[in-house]
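Engineer: No sequence on hand, only this structure:
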């Protein structure tokens with residue numbers, strides 16, 4: 001008998017067909033790079049890098065701390081800092097409401113976590129941004145935490161590492177957010193004067209005020225593959241210089257080709273690579 005005919009008769013007799021069990025949300029995830037549907041546990045094991053196309057998916061600050069460090073943050077830096085609303089800023093909603101919503105959603109106080117850590121047995125001061133908190137934007141708290149992380153490196157004589165993932169300066173804080181560019185750049189200069197190694201890791205995306213300040217001032221600048229990097233968007237640049245832009249000019253691969261970063265390192269190799277750099281840079285620093 002034709003299967004379809006049998007099914008129609010079975011339904012007519014009131015025979016119940018087995019129902020498919022609904023899978024919990026998030027078991028399968030669609031890759032933004034190749035559109036493949038990937039098992040979540042497989043992505044977790046591969047540090048959120050697509051096993052089909054090597055696309056590096058965005059991860060939060062906590063996940064990046066876990067994959068980069070040996071045992072997480074040993075002592076968090078400036079954990080009690082929270083953003084205020086000095087300008088009483090309001091667009092479609094108030095800045096206070098945006099901070100509250102971002103805190104509830106992410107569980108973070110602001111768009112960065114910082115502290116002392118060990119990477120491949122080498123001690124360092126580490127600051128990692130989280131794009132999930134208002135687009136990883138840099139306001140007064142982010143700038144202050146980056147500066148205090150660098151101060152920790154200066155005071156303890158240990159290398160400093162920052163992991164950037166940001167849409168730029170936080171417009172809701174106006175000129176106060178732009179001042180963080182100067183503050184963090186000045187601290188990076190003090191690290192260099194003191195011969196304290198500073199490694200900057202760029203992830204997708206790293207743009208605008210963060211890219212134009214401390215993120216581009218490392219002694220060694222590393223990027224993940226395929227990361228969007230740059231100061232302004234393509235349309236703004238095109239309208240400013242009145243020229244057509246080369247394809248992929250804001251990718252980490254383009255930056256490497258033109259000498260703007262030092263290396264591209266897959267996420268699965270990041271801890272080993274950074275650990276090797278820390279040992280080498282610390283040894284060279286001690287010689288000087």
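Structural biologist: Ah, there it is. Given the structure is predicted, the values throughout are model-derived calculations rather than measurements. Numbering: from 1, shown residues only.

Engineer: quick check: mean pLDDT across the strand of greatest length in the chain?
Structural biologist: Longest strand in the chain by number of residues, with DSSP state E as the criterion: strand 198-207. In this model, strand 198-207 carries a mean pLDDT of 94.

Engineer: Next SSE downstream of that strand?
Structural biologist: Sequence order places helix 208-211 as the next helix or strand after strand 198-207, per DSSP states H and E.

Engineer: other SSEs contacting that next one?
Structural biologist: Applying 3 or more CB pairs under 8 Å, 6 or more residues apart in numbering; DSSP states H and E, one finds that helix 208-211 contacts strand 160-166, helix 175-193. Glycine gets a C-beta too; all of them are placed from N, C-alpha and C.

Engineer: before we move on, the earlier item: pull up the pairing partners for the longest strand of the chain, direction included.
Structural biologist: strand 160-166 (parallel), strand 220-223 (parallel), strand 229-230 (parallel) (DSSP bridges).

Engineer: With adjacent residues omitted, what lies nearest to residue 115?
Structural biologist: Spatial nearest neighbour of residue 115, excluding adjacent residues (CB to CB, 6 or more residues apart in numbering): residue 73 at 3.5 Å.

Engineer: again, but for residue 156
Structural biologist: Closest residue to residue 156 apart from its sequence neighbours, by CB to CB, 6+ apart: residue 125 at 7.3 Å.

Engineer: Can I take it that that neighbour is in a strand?
Structural biologist: Yes - the assignment for residue 125 by DSSP: H, G, I helix; E, B strand; the rest coil puts it in a strand.

Engineer: I'd guessed it sits against residue 77; true?
Structural biologist: Yes - when contacts are counted by CB atoms under 8 Å, residue 125 is listed as touching residue 77 (7.3 Å).

Engineer: Looking at the helices and strands packed on helix 208-211, which one is packed in the most?
Structural biologist: Highest mean neighbour count of the helices and strands packed on helix 208-211: strand 160-166, a mean of 28 (counted as mean count of other CB atoms under 10 Å).

Engineer: re the thing from before, right, so of the strands paired with strand 198-207, which gets closest to residue 111?
Structural biologist: Judged by CB to CB, the one of the strands paired with strand 198-207 that comes nearest to residue 111 is strand 160-166, at 7.4 Å.
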